[in-house]
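Q: Following is a predicted model, sequence given first.
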Amino acid sequence: MRLHRDTGLKRSREGAAMGPIRSAYEEDPDMLEIVREFAHELPARIAKLETLVAGCEHAALQTLAHQLKGAGGGYGFGQITEAAALLEQALKSGAAEPQIKDRAAELCAILRAVVVPETR
């Protein structure tokens, strides 16, 4: 991810601006509260991801990526699942540190783009 100098919007490697990310379950009254709880927990998970990357703690990072991969889909955030799966696979395959850092940064950018749904 990189910051586009003209707009300040984060852009993916393909150059498309990353807009707000919403849960597929945002309109489901049965899921709304737990989706909100998950979204509220994301800043702590981002901090943990960044700490693990900085410390090269690959085993713990792989565990967290795996958890986010499952949780993302469970709470209706397919983009989280996809990015977390890419990070987990990079760690499992012993990818070089720059690739791991790129995948982790992409996941963090996606997590930051999640919008906490409004209560109804």
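A: Right, received. Where do you want to start? Residues are numbered from 1 along each chain as shown.
Q: By residue count, which helix of this structure is the longest?
A: Among all segments of the chain classified by DSSP state H, the helix with the greatest residue count is helix 32-54.
Q: Which neighbouring elements make contact with that helix?
A: Using 3 or more C-beta pairs under 8 Å, 6 or more residues apart in numbering; DSSP states H and E as the contact criterion, the secondary-structure elements in contact with helix 32-54 are helix 58-74, helix 97-113. C-beta coordinates here come from the backbone N, C-alpha and C atoms, glycine included.
Q: pLDDT below threshold where in this protein?
A: Using pLDDT under 70 as the threshold, the predicted model of the chain has low-confidence ranges 1-17, 120.
Q: try 50
A: In the prediction, the chain carries residues with pLDDT under 50 at positions 1-16.
Q: Could you list the residues in contact with the longest helix of the chain?
A: Applying C-beta atoms under 8 Å, 6 or more residues apart in numbering, the contact partners of helix 32-54 are 23, 25-26, 57, 60-61, 64, 68, 71, 75-76, 100-101, 104, 107-108, 111-112, 114-117, 119-120.
Q: Just the buried residues of the residues you listed.
A: Among the contacts of helix 32-54, those that count as buried by neighbour count (16 or more other C-beta atoms under 10 Å) are 23, 25-26, 61, 64, 68, 71, 75-76, 100-101, 104, 107-108, 111, 114, 117.
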